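1. sequence and predicted structure are below.
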Amino acid sequence: MNCKICGREAEGSYCKVHGKAHRNLVEKFKVWKRALGVQWKRYLEEVAQNSLTGEKAREVASFLLLEVDDSLH
Amino acid sequence: MKGYTLIVAEKPSAARRIAEALDVKNKPELRKDGGVSYFVVDRGRKIVVVSAIGHLYTVTQQGGKKTRYPVFDFTWAPRHLVEKGAGKVKAHIETISKLALEADTFIDACDFDVEGNLIGYNILKYACGKAEVAKRMKYSTLTSSDLVEAYENVLPMLDFSLIEAGRTRHEVDWLYGINLSRALTGAVKHTCGRYVSLSTGRVQGPTLRFLVQREEDILCFVPTPFWTVKAEVEVDGRVYEAKYEKRTVECKAEAVEIVEACQGRSGKISKVERRIVSQSPPVPFDLGALQREAYRLFGFSPKRTTDLAEHLYLDALISYPRTSSQKLPPSINYRFILHSLAQQTKYEKPCLELLRLEELKPHEGKKIDPAHPAVYPTGNRPKRKLNRAQGKLLELIVKRFLALFGDPARRERTRIEIHLDDHLFFLSGSKVLKEGWMKFYKPYVHFDEFELPSVRVGEDVVVKKVTFDECFTKPPPRYNSGSLLKRMEEESIGTKATRAEIIQTLQKRKYISAKNIQVTTLGFSLTEILEKYASTIVSVQLTRELEEKMRSIQDGEEERESVLAEAISQLKPVLAELRRREGTVGKTLNMAVQQSMLEERTVGTCSKCKSQLMILHSRKTGKRFVGCTGYFKGICKTSFPLPQQGLIKPNRKSCLSCGSPIVTLIRRRRKPWRFCINPNCPKKRKREQAIEL
């Protein structure tokens, strides 16, 4: 299977680095929710815009945002 | 001339110093043979001092094609037969061999460490055939007194355990380096027909892996929000910023609640706490600490610091710098050094102050090196003009030496607690009560002083306002040369003498870039491949274990043969796996090489069409310029001229004035020049107009 974002070899949906970024995103959502009470989509938007977010984490956040939008349509 | 003592030094400048020190008139006779200088010294009996130029012998493959792997048969051979550009080595070996024929006593006077011992041993074994009967001069500085003492008290034989340790290290490193590099280079060559020089090694692999892990942490970093609450309080007509008792508040609602509860309240001082803190002087420099401090203060890379320190040592201005000791024994004669330093105007005052002390006792660290003490100044005045960097490093070493004898510094830390109803805020300040050692180490140390007003418990303070700031957690910092060196030391990989070179090699191979180390695509791919197919090569634990075994050889607890056999048994399965996966390895590395080459040529983004701006060459004239890749799609014709001489490196930064990319031009013997590629940049125009005016 290939990574949904970069097309590199992947074990699940993502390659090694994007997988790590995805795990970080899921884990940190709990902190954001507790801190600001935000929902998943708003959280992804905030993270994608934040200048401190790592490049790979931003790519995963942007990709997940597209998925959220698609599911809404 | 017959029947003399032949002394072999490591470098020509060391040979000159030894000859001058040993000659009764300090004027040895300089002779030349085949372009190689040597000195004839009169000291009751004749002495000939000749030098090497570092290693004259190296490990090489014994027979067979130079591209095959695995290769485990090796031998030691003269460097000029193995390496290109080592032509001078031949003349040195010939001269030393000739001088050895007439000599009756042999002394190795190379630096007293693993490398120095090996250099001397190889020369005495292969060029003179006298390693078994040779004696050893041991010294830590190139001052006349130390050299004469080392000659008078010459050790009866070479240090064979150090030599064995050095030989093993070279052989193990060669086995790893040659086999892995051939496997990687061969994989690309066989799969894609492209020749690219790729390398990895026993220490290089794990070091690159640290960097990749840190880079991944940064790339995958997700910031989280937190809040800090502060109160502006007025005491004695001055406004101070008091911090909330909880340094970080993790929930916005809580921060809002605190601010609302404190707004408009008056404060009462509930506690005043003063604490005296004593700070001991720093410890003497070992090489690692010197490299880190020089990077922190002057931005020198570890390799540069080593080279500069080597020059200072050869000029007899400092002791031997490749040491891991943090001890300074009284035998170096502290008082004599301070007296000598006091002859130089800039050190006169602090030295005289220290000399007034009844007892001089340096503050020492824990690390010990049996071969050398920590780095210290000899007290000699420079006989030639030092360049700026050498001058800076020498001053740092001198001031550190002076600071070791100073008293501990004393600071007073104050904490004032202010209650706003149930909420606690605090002010913190500090002031220096006694400078102690710090005055000797200026300007390399300074404390931020912040004095608080004198207040009493129960006193009321005016609270002007209470606010909160939204903050985000920050990604971990990138490694720089200094912090990477520290990590390598902590993980016990590499040696004090090799770590700086490893970092340099990673840069040279284009696996890492920039001062704040960033891993390139090639570095990422290489680590990924090694982690997948050769995990032992990047394993810190295995490298450390091998390193410990090599150290045990030095202590006589391990045999060279068993360490070599273990290294080979570790390498064999790894090389077999790399051979089996040659196709995948070759393709992945080739793609990474291409990507890296593309990155090296990409200077930024085109402001007109958002395509990439790249360094291109004109087909007609062959001249280079920056062109937009949109040109190939027929959508953009943006281009910028470039200087035709020197190396151009993209800076990944944009001009603040016009937004065009900035590049750096690197030319020989000139300072790197950073410039905006836009010839019509308003900033440039302004400068031109100013010049015209």
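-> That came through, no problem. Residues are numbered from 1 along each chain as shown, chains lettered A, B, ... in the order given.
2. could you point out the longest helix of chain A?
-> helix A:16-36 (DSSP state H).
3. which elements pack onto the next helix or strand after that one?
-> Next along the chain after helix A:16-36, taking DSSP states H and E as the criterion, comes helix A:40-49. Judged by 3 or more C-beta pairs under 8 Å, 6 or more residues apart in numbering or on different chains; DSSP states H and E, the packing partners of helix A:40-49 are helix A:16-36, helix A:55-72. From N, CA and C alone the C-beta is placed, and that goes for glycine too.
4. can you flag the weakest of those by average pLDDT?
-> Least confidently modelled of the helices and strands packed on helix A:40-49 is helix A:55-72, at a mean of 86 by mean pLDDT.
5. show me how far that helix is from its chain's centre.
-> Chain-centre distance of helix A:55-72: 6 Å, with C-alpha atoms, centre = their mean, to the nearest Å.
6. that helix near chain B at all?
-> Yes - applying C-beta under 8 Å from any C-beta of the partner chain, one finds that helix A:55-72 is in contact with chain B at A:55-57.
7. what about the stretch 51-200 of chain B, any weak spots by pLDDT?
-> By pLDDT under 70, the low-scoring segments of the stretch 51-200 of chain B are B:64.
8. okay, strands next: where are they in it?
-> Along the stretch 51-200 of chain B, the stretches classed as strands by DSSP state E, counting those that start in this stretch are B:57-61, B:74-78, B:103-108, B:135-136.
9. what's the spacing between the last one and its chain's center?
-> How far strand B:135-136 lies from its chain's middle: 32 Å, per C-alpha atoms, centre = their mean.
10. what about B:Arg544, how many neighbours?
-> 14 (other C-beta atoms under 10 Å in any protein chain shown).
11. so what's it closest to, chain neighbours aside?
-> Counting by C-beta to C-beta, 6 or more residues apart in numbering or on different chains, B:Ser492 is the residue found nearest to B:Arg544 once chain neighbours are left out, at 5.0 Å.
12. also B:Ala261?
-> B:His423 (6.4 Å).
13. just say helix, strand or coil for residue 6.
-> Answering for chain A, as no chain was given. coil (DSSP: H, G, I helix; E, B strand; the rest coil).
14. I was after chain B.
-> strand.
15. just give the number of residues close to the nearest residue to it once chain neighbours are set aside.
-> Counting by C-beta to C-beta, 6+ apart, B:Ala103 is the residue found nearest to B:Leu6 once chain neighbours are left out, at 3.8 Å. B:Ala103: 21 surrounding residues under other C-beta under 10 Å.
16. B:Tyr244 now?
-> Neighbour tally, B:Tyr244, other C-beta under 10 Å: 23.
17. ditto for the one 4 residues further on
-> Using other C-beta under 10 Å, B:Thr248 has 13 neighbouring residues.
18. I figured it was touching B:Phe226, is that so?
-> Yes - B:Thr248 is within contact range of B:Phe226, at 4.4 Å (criterion: C-beta atoms under 8 Å).
19. which neighbours do these two have in common?
-> Common contacts of B:Thr248 and B:Phe226 (C-beta atoms under 8 Å, 6 or more residues apart in numbering or on different chains): B:Cys471.
20. just give me the neighbour total for residue 39.
-> Defaulting to chain A. Look at A:Gln39: counted by other C-beta under 10 Å, it has 12 neighbours.
21. you answered for a different chain; I wanted chain B.
-> With other C-beta under 10 Å as criterion, B:Phe39 counts 24.
22. show me what the helix or strand encompassing it is packed up against.
-> In this assignment (DSSP H and E), B:Phe39 forms part of strand B:36-43. For strand B:36-43, the contact count by 3+ C-beta pairs under 8 Å, 6+ apart identifies helix B:12-22, strand B:29-33, strand B:45-51, helix B:87-102 as packing neighbours.
23. just for chain B, where's the confidence low?
-> B:1, B:64, B:514, B:693.
24. can you give the domain ranges for it?
-> With domains defined by automatic domain parsing, chain B comprises B:4-158, B:167-219+B:478-593, B:225-273+B:409-432+B:447-472, B:287-403, B:606-692.
25. between these, which gets nearest to A:Gly37?
-> domain B:225-273+B:409-432+B:447-472 (7.8 Å; C-beta to C-beta).
26. what about the closest one, distance to the chain center?
-> With C-alpha atoms, centre = their mean, you get 42 Å for domain B:225-273+B:409-432+B:447-472.
27. so what's the residue count around the residue in the stretch 501-650 of chain B that chain A sits nearest to?
-> Nearest residue of the stretch 501-650 of chain B to chain A: B:Glu528, at 7.5 Å (C-beta to the nearest C-beta). Residues lying near B:Glu528 (other C-beta under 10 Å) number 19.
28. ok, now the one 5 residues further on?
-> Other residues near B:Tyr533 number 17, with proximity taken as other C-beta under 10 Å.
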